[in-house]
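*Asks:* sequence first, predicted model second:
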2 protein chains.
Amino acid sequence: MNEVQVLEKSMDYDKLVKEFGVSLIDTVIDKFDNPHYLIRRRHFFAHRDLDKILDGYKNGKKFAIVSGRGPSNPIHIGHLMIFKFVKWFQDAYGAEVYLPLSDDEKYVFGKIKDLNIAEYYAYDNALDMLALGFNPDKTHIFISSKYLPIYQHAIAISRYATFNTVKAVFGFKGETNPGAIFYPAIQAAHILLPTFDKGLPVLVPIAIDQDPYIRLTRDIAERLKVTKPAAIHSKFLRGLDGKPMSASNPETSIFTHDSNKEIKKKVWRALTGGRGTIEEQRRLGGEPEKCVVFEWLRLLFLAEDAELQRVYDECTSGKRICGDTKKELTKLLIDFLHEHRKKKLEVAKIIDKFFMHEINQDIVNQIVEQTEKEIEQYG
Amino acid sequence: MNEVQVLEKSMDYDKLVKEFGVSLIDTVIDKFDNPHYLIRRRHFFAHRDLDKILDGYKNGKKFAIVSGRGPSNPIHIGHLMIFKFVKWFQDAYGAEVYLPLSDDEKYVFGKIKDLNIAEYYAYDNALDMLALGFNPDKTHIFISSKYLPIYQHAIAISRYATFNTVKAVFGFKGETNPGAIFYPAIQAAHILLPTFDKGLPVLVPIAIDQDPYIRLTRDIAERLKVTKPAAIHSKFLRGLDGKPMSASNPETSIFTHDSNKEIKKKVWRALTGGRGTIEEQRRLGGEPEKCVVFEWLRLLFLAEDAELQRVYDECTSGKRICGDTKKELTKLLIDFLHEHRKKKLEVAKIIDKFFMHEINQDIVNQIVEQTEKEIEQYG
């Protein structure tokens, strides 16, 4: 079992902070003029070198954010939360945003049968990401196997890594394919691209369990004598059933292609902090700490603390029961996705402004058609 | 020590044929209407599946030749001999010729410090190769890290290999960089490119010690369910000092940039089969079997058997002494290179017709300038 696999089994965040040697977000939170609610609420709870990024910014040094995605399936609401967070850095700090779509990763690790499947999802994911309103002048997106400089940088980087160092993180075996063994160099090329191209320091938002990958790239950067990428680490957003959210288990999340009916059904079945009977709940109040529906409101929709407090109070006082909160979340999801799809159609018209290589217009057209149908069904 | 390293130490050709399980060229020589002199003289002495290539050709099935070069230094006369042999297949059989220039290989195996060095030599080597008169409609040349489909094919291929299989051939260790471990997939992509792109079976001319690399690609092709590449295996051309010819030891060969003076000096110092004194040699005759100068005439210049026989007879009868033969080889080399450079200038004008990606005209211009100077000095 490699380091990452071990981590996936233990989600004791305090322990991870110690083991990894990352710093708590508390050590830098005062450097933000107006921290994003996901930072304020400690969903992003740890970091590496974020102080350097923020101090640099105050001294006039721009930075870039790299936030990748392996395009092997549709995007869900948990992904969108992260990309909205990335966009906040663009709005608040003028960060250049790089969005690598790692089709090669998904292929070499056996998640997809051929690269064409990833190409379709790459454009679908890209449109979902870009629909959030990224600035075309400061946002750069590419499919890893379609953008030649990535392979060139990865080759150049590879001499600064060894089989042993990548094996320690990825857990390779004798049966592992050589593409997977090379992939860490490709990933490092994704992360360091803004540094290579524009001399910008890089910030990477990642879930805490992904820290070993960042550490690998930081080690490579050190040997290359370029600025080590900084990281801001998140906790996990729970899936609707209370287990980890997973794109491969559709019941755990809401995808951008889900119909209103599916959304209603999934949220209705969600894990809550409700009591055995309605009578009991009215008397004792619910337990929002246990409730995924509340967690989603807290992390996905209710950015204002006063609004969140109102829901919390109504729940714990028994004024609202689980059904009420589920309906509230359902409506927010349905309305959000309806607007989101309209924005997706708009951004599809200018998608080439974001891409670092030629786009596949046929695939974009297919996705536009699909999105139009989804909007009609919603209407 | 890996398989290839072991081989480099033992050059017992009969043993290699048995160990590798390749077939002797004698088993297919009758399938050639008019075999090339390097086949007739058994410099190319073994093969894999060449019978399938030649039988296919008789049944109207075209084929391609892939003959790569790692562009880490200037090309020498031994390389040119191989590329002339490749061109013969194009002239005699209409073969499509693919000439991959593997800058990435030279970098990941630590032969060059950065990829830019390889880029310069890639164009210099390319012009030397193309000056031999390849047909621009049937010749395809590319620098490996500059032609995106190679990375894409290599990624696709990588799933059909494992760390263990590539390690067995390349002898990787824990300190090996991940780029070197991936390189076998890149090499397989070079070899199989004509099969992927045009459905053509492939023939690869290689020195016998390189057979393990071909076998690796043949195994991959089998798993991919495409035609396994055929091979035609050569013996080694000895260097002027009698040891293996090596681009990293300039005294062992004649390079396309060598001056007349260097050529004269190097050939004059060559290992021959001469006797202790001129008197003795006039009486006993020389021993052409031991003589590198004779070997070079036999493999590089005297394609006509009658002509070669005349030199042999004159030598063994004591009619000519070593100095005569050295002067003959020197003149042939100087005249050949003078004509060669003029052809190099000609082909530089149409180099883009051969390249599968955009060319670097600045580098081509530098090489043209250098070649013009070399011609002047020769004049």
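*Replies:* In hand now; what should we look at? Computed from a prediction, not measured in an experiment: that's the story for all the values here.

*Asks:* tell me, how many residues neighbour A:V86?
*Replies:* With neighbours defined by other CB atoms under 10 Å in any protein chain shown, the count for A:V86 comes to 22. (Each C-beta comes from the backbone N, C-alpha and C, glycine too.)

*Asks:* tell me which element it is part of?
*Replies:* helix A:77-93 (DSSP states H and E).

*Asks:* what lies in contact with that helix?
*Replies:* A:34, A:36, A:38, A:44, A:57, A:63, A:65, A:67, A:69, A:95-97, A:99, A:125, A:128-129, A:132-135, A:138-139, A:203, A:205, A:234, A:237, A:245, A:253-256, A:296, A:299-300, A:333, A:340 (CB atoms under 8 Å, 6 or more residues apart in numbering or on different chains).

*Asks:* ok, now with 7 Å
*Replies:* Defining contact as CB atoms under 7 Å, 6 or more residues apart in numbering or on different chains, one finds that helix A:77-93 is touched by A:36, A:38, A:57, A:65, A:67, A:69, A:95, A:97, A:128-129, A:132-135, A:138, A:205, A:237, A:245, A:253-254, A:299-300.

*Asks:* pLDDT value on A:G379, please?
*Replies:* Model confidence at A:G379, expressed as pLDDT, equals 60.

*Asks:* same question for stretch A:89-98, mean pLDDT?
*Replies:* If you average the pLDDT over stretch A:89-98, you get 98.

*Asks:* same deal with stretch A:274-286?
*Replies:* On average, the pLDDT along stretch A:274-286 is 94.

*Asks:* repeat for stretch A:290-304
*Replies:* Throughout stretch A:290-304, pLDDT has a mean value of 96.

*Asks:* residue boundaries of the strands in chain A?
*Replies:* Ranges of strands in chain A, per DSSP state E, are A:23-24, A:44-48, A:64-66, A:96-101, A:139-143, A:202-207, A:230-234.

*Asks:* burial count for A:D33?
*Replies:* If you count neighbours by other CB under 10 Å, A:D33 ends up with 9.

*Asks:* over to the one 4 residues further on?
*Replies:* A:Y37 is flanked by 16 other residues according to other CB under 10 Å.

*Asks:* for chain A, which residues are neighbours of chain B?
*Replies:* Those residues of chain A that sit near chain B, judged by CB under 7 Å from any CB of the partner chain, are A:104, A:107-108, A:115, A:145, A:148, A:151-152, A:155-156, A:158-159, A:161-164, A:166, A:172, A:174-179, A:181-182, A:184-185.

*Asks:* which parts of the stretch 201-350 of chain A are helices?
*Replies:* If DSSP state H, counting those that start in this stretch is used as the criterion, the helices of the stretch 201-350 of chain A fall at A:211-224, A:260-268, A:278-284, A:292-296, A:305-316, A:322-348.

*Asks:* which ones are touching the nearest residue in space to A:V97 that is not next to it in sequence?
*Replies:* The shortest distance from A:V97 to any non-neighbouring residue, by CB to CB, 6 or more residues apart in numbering or on different chains, is to A:T139 (4.6 Å). With contacts defined as CB under 7 Å, 6+ apart, the neighbours of A:T139 are A:V97, A:L99, A:F354.

*Asks:* from those, which is closest to B:R269?
*Replies:* Comparing the contacts of A:T139 against B:R269 with CB to CB picks out A:L99 as the nearest, at 61.4 Å.

*Asks:* which residue sits farthest out from the middle of chain A?
*Replies:* Checked against the mean C-alpha position of chain A, the extreme residue using CA atoms, centre = their mean is A:E279, at a distance of 39.5 Å.

*Asks:* quick check: it vs chain B, distance?
*Replies:* 59 Å (CB to the nearest CB, to the nearest Å).

*Asks:* make CSV from the strands of chain A and add distance to B:E358 to it.
*Replies:* Supplementary listing: those in CSV, determined by distance: least, CB to CB, whole Å:
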stretch, distance to B:E358
strand A:23-24, 46
strand A:44-48, 40
strand A:64-66, 28
strand A:96-101, 24
strand A:139-143, 19
strand A:202-207, 29
strand A:230-234, 36
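
*Asks:* nearest to B:K52, out of these?
*Replies:* By CB to CB (comparing all of the strands of chain A), the closest turns out to be strand A:139-143, at 37.7 Å.

*Asks:* could you check the angle strand A:96-101 makes with that closest one?
*Replies:* Interaxial angle, strand A:139-143 versus strand A:96-101 (axes from the mean of the first three to the mean of the last three CA atoms, to 10 degrees): 20 degrees.

*Asks:* which among the residues of chain A next to chain B end up buried?
*Replies:* For those, a burial check counting by 16 or more other CB atoms under 10 Å in any protein chain shown picks out A:104, A:107-108, A:115, A:145, A:148, A:151-152, A:155-156, A:158-159, A:161-163, A:166, A:172, A:176-179, A:181-182, A:184-185.

*Asks:* narrow those to those in helices?
*Replies:* For those, membership in helices holds for A:104, A:107-108, A:115, A:148, A:151-152, A:155-156, A:158, A:163, A:166, A:178-179, A:181-182, A:184-185, with DSSP state H as the criterion.

*Asks:* from chain B, how far out is A:I363?
*Replies:* If you measure A:I363 against chain B using CB to the nearest CB, the figure is 16 Å.

*Asks:* surely A:C322 meets A:G274?
*Replies:* Yes - when contacts are counted by CB atoms under 7 Å, A:C322 is listed as touching A:G274 (4.1 Å).

*Asks:* what do these two both touch?
*Replies:* Residues touching both A:C322 and A:G274 comprise A:G286, with contact defined as CB under 7 Å, 6+ apart.

*Asks:* ok, A:S67 - contacts?
*Replies:* By CB under 7 Å, 6+ apart, the residues touching A:S67 are A:I82, A:F83, A:V86, A:L99, A:V204, A:P205.

*Asks:* buried among these? Need that as a selection in PyMOL.
*Replies:* Only the buried entries of these go into this PyMOL selection, using 16+ other CB under 10 Å:
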select buried, chain A and resi 82+83+86+99+204+205
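
*Asks:* pLDDT below threshold where in the stretch 1-150 of chain A?
*Replies:* Applying pLDDT under 70 to the stretch 1-150 of chain A flags residues A:1-11.

*Asks:* the stretch 251-379 of chain A too?
*Replies:* Applying pLDDT under 70 to the stretch 251-379 of chain A flags the ranges A:379.

*Asks:* for it, which residue gets nearest to chain B?
*Replies:* Closest approach between the stretch 251-379 of chain A and chain B, counting by CB to the nearest CB: A:H357, at 9.0 Å.

*Asks:* who touches that residue in this structure?
*Replies:* Residues near A:H357 by CB under 7 Å, 6+ apart: A:F142, A:K146, A:Y147.

*Asks:* pull the contacting residues for the last one.
*Replies:* When contacts are counted by CB under 7 Å, 6+ apart, A:Y147 touches A:M356, A:H357.

*Asks:* does A:T162 touch B:K173 like I think?
*Replies:* No - A:T162 lies out of contact with B:K173 (CB under 7 Å); the separation is 8.7 Å.

*Asks:* partners of the nearest residue to A:L24 once chain neighbours are set aside in the sheet?
*Replies:* Spatial nearest neighbour of A:L24, excluding adjacent residues (CB to CB, 6+ apart): A:A46 at 5.7 Å. The residues paired with A:A46 through beta bridges, assigned by DSSP bridges, are A:L24, A:H233.
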